[in-house]
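Asks: I would like to see how this sequence folds:
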Amino acid sequence: MEGPIIPAANLPKGGICKIVRLKQFLHQRGYKYTRQREIVWSAFRALEGHHPSLDAVYYQSKMISPRISWATVYRTLKLMKKLGIIIERDFGKGLVCYELKDKGIRHGHLICSSCGKVIEIKNGEIKNILMEKAKKHKFEIVQDRMEGFGLCEECRKKGNRF
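Replies: Below you'll find the predicted structure:
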């Protein structure tokens with residue numbers, strides 16, 4: 001699942017504001033703001049909502065700047081993960097994707113184990129139960145995940161198996 005490749009001309013509006021904030025964010029933490037990091041950030045934001053893989057971000061970055069290397073994209077995503085800007089999600093069967101770190105927005109995923117399709121679910125009910133149980137048992141949750149693995153409708157119709 002690589003997500004769509006979006007031409008650089010179609011990058012989301014308001015991107016420059018987000019780039020300025022990224023520049024400030026990096027500088028405040030002692031990191032340099034480089035053109036390569038800007039390219040990777042722009043590519044990632046263009047794919048936002050599609051749970052892009054490293055390869056998808058790389059190919060999107062190449063559309064913006066054909067000379068960018070896979071290693072640069074890898075290192076930039078690794079830095080963004082380290083700084084808490086993005087989260088790496090392992091959806092099984094070697095499918096590792098990235099998404100913007102939530103700011104209080106709790107959600108989960110339904111993942112098709114056959115084709116890799118990922119459906120985002122935003123449902124506070126299950127999370128509320130989790131928080132209630134944690135409070136009851138005096139348990140501090142530092143990270144939570146809600147993921148369901150199975151088969152999407154299309155794969156079931158094709159007769160694919162889990």
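Asks: all contacts plus neighbour counts: C-alpha atoms, from now on.
Replies: Fine.
Asks: where does this protein have low pLDDT?
Replies: Within the chain, the ranges that satisfy pLDDT under 70 run 1-20, 102-107, 123-124, 143, 145.
Asks: Please, where are all the strands along it?
Replies: Counting by DSSP state E, the chain has strands at residues 86-90, 96-100, 108-112, 118-121, 147-150.
Asks: partner strands of the fourth one, parallel or antiparallel?
Replies: Sheet neighbours of strand 118-121, with direction, are listed as strand 108-112 (antiparallel) (DSSP bridges).
Asks: same check, this time on the first one
Replies: When pairing is defined by DSSP bridges, strand 86-90 lines up against strand 96-100 (antiparallel).
Asks: Touching, residue 160 and residue 112? I think so.
Replies: No - using CA atoms under 8 Å, residue 160 is not in contact with residue 112; the gap is 10.5 Å.
Asks: Looking at the two, which one has more neighbours?
Replies: For the pair residue 160 and residue 112, the greater number of neighbours falls to residue 112 (22 against 13), based on other CA atoms under 10 Å.
Asks: Touching both of residue 160 and residue 112, which residues are there?
Replies: residue 151 (CA atoms under 8 Å, 6 or more residues apart in numbering).
Asks: Any chance of the strands of the chain in TSV with distance to residue 80 as columns?
Replies: Compiled in TSV, the strands of the chain are given as follows (distance: least, CA to CA, whole Å):
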stretch	distance to residue 80
strand 86-90	6
strand 96-100	10
strand 108-112	21
strand 118-121	22
strand 147-150	23
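Asks: Figure out which of those strands is closest to residue 56.
Replies: Closest approach to residue 56 among the strands of the chain is made by strand 96-100 (9.2 Å; CA to CA).
Asks: In the closest one, which of the residues would be classed as buried?
Replies: The neighbour-count check on strand 96-100 (16 or more other CA atoms under 10 Å) flags 97-100 as buried.
Asks: Around residue 136, how many other residues sit close by?
Replies: Neighbours of residue 136 using other CA under 10 Å come to 9.
Asks: ok, which stretches of the chain are helices?
Replies: For the chain, the helices defined by DSSP state H cover 15-28, 35-46, 54-64, 70-82, 124-136, 153-157.
Asks: would you turn the ones you listed into TSV with distance to residue 147?
Replies: Formatted as TSV, the helices of the chain follow (distance: least, CA to CA, whole Å):
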stretch	distance to residue 147
helix 15-28	29
helix 35-46	22
helix 54-64	20
helix 70-82	20
helix 124-136	11
helix 153-157	17
